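> sequence plus predicted model, see below.
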Amino acid sequence: MKEDFDLVERFRRGDQGAFDELVGKHYQRVCNILSHTLGASPNIEDLAQEVFIKAYYSLRRYRGESALSTWLHRITVNVALDELRRGKRRRIFSFTRTSEQGPSESEIASSVAGGEEGAHARMEREELQEVLQSALKKIPKKHRIVFVLRDIEGYSYSEIAEIVSCSIGTVKSRLFHARLRLRRYLEPYLRETASGHKSPARDR
């Protein structure tokens with residue numbers, strides 16, 4: 001955090017290179033949040049540039065009341081929400097983290113696909129991803145954003161509350177409903193997979 005504050009101070013004194021360092025430090029995390037929220041969009045890099053352009057013109061007003069990463073990722077979430085509202089997206093999620101607070105869908109994926117790396121395991125993982133994509137389309141965006149930040153990006157409840165500008169209780173409630181809905185939508189598939197009896201449509 002101190003390193004970020006030092007870079008901000010250098011930028012305020014006119015050191016443009018300090019801003020380039022901030023971009024280099026936070027660029028990948030910004031892209032990750034955008035891609036997890038919007039899917040495999042060709043606009044991710046353009047949207048990341050939009051995030052940093054907004055940050056550039058707002059940075060002199062940053063007062064350090066929260067971590068710079070929290071402030072920056074709040075801008076990222078707002079840009080992602082604007083993009084969702086414009087309807088220019090195709091949502092494909094990759095579940096690479098588990099939640100320390102309750103089960104996440106990556107744990108479901110692991111239980112379905114197992115630890116094998118064979119063709120069958122890969123096929124089931126790919127199939128589960130398709131089912132997850134379909135399920136996630138049915139979740140309200142305010143719930144999906146919290147799910148992405150918590151279960152994929154690994155933010156704490158307090159950090160998410162700052163990013164999305166709501167209370168910790170609201171964060172927990174949205175996350176609960178996101179997980180509940182995902183479980184409800186995934187239950188038929190998981191039950192089918194566990195029994196070993198897939199529908200003909202899935203076997204094709």
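Cool, got the structure. Numbering: from 1, shown residues only.

> going forward, measure contacts and count neighbours with C-alpha atoms only.
Noted.

> please enumerate the helices of this structure.
Using DSSP state H, the helices of the chain run over 2-12, 16-38, 44-58, 68-86, 105-113, 119-136, 141-147, 157-164, 168-195, 200-203.

> how about these in CSV, adding mean neighbour count and mean pLDDT?
Supplementary listing: the helices of the chain in CSV, determined by neighbours: other CA atoms under 10 Å; pLDDT from 0 to 100:
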stretch, mean neighbour count, mean pLDDT
helix 2-12, 15, 88
helix 16-38, 18, 89
helix 44-58, 16, 89
helix 68-86, 18, 88
helix 105-113, 17, 43
helix 119-136, 16, 68
helix 141-147, 22, 88
helix 157-164, 20, 90
helix 168-195, 16, 80
helix 200-203, 7, 44
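
> how much space separates the residue nearest the centre of the chain from Leu38?
Note on the chain: the residue nearest the mean C-alpha position is Val148, at 3.1 Å, using CA atoms, centre = their mean. Counting by CA to CA, to the nearest Å, the gap from Val148 to Leu38 is 10 Å.

> and if you look at Val8?
As judged by CA to CA, Val8 and Leu38 stand 29 Å apart.

> now Asp6
Asp6 is 32 Å from Leu38, by CA to CA.

> try Arg60
Look at Arg60 and Leu38: by CA to CA, they are 29 Å apart.

> likewise Ser167?
For Ser167, the distance to Leu38 - CA to CA - is 24 Å.

> do the same with Ile44
Between Ile44 and Leu38 the distance is 8 Å, computed by CA to CA.

> next one: Leu47
The spacing between Leu47 and Leu38, counted by CA to CA, is 10 Å.

> and Glu187, by the same measure?
As judged by CA to CA, Glu187 and Leu38 stand 24 Å apart.

> over to Phe147?
For Phe147 relative to Leu38 (CA to CA), the value is 13 Å.
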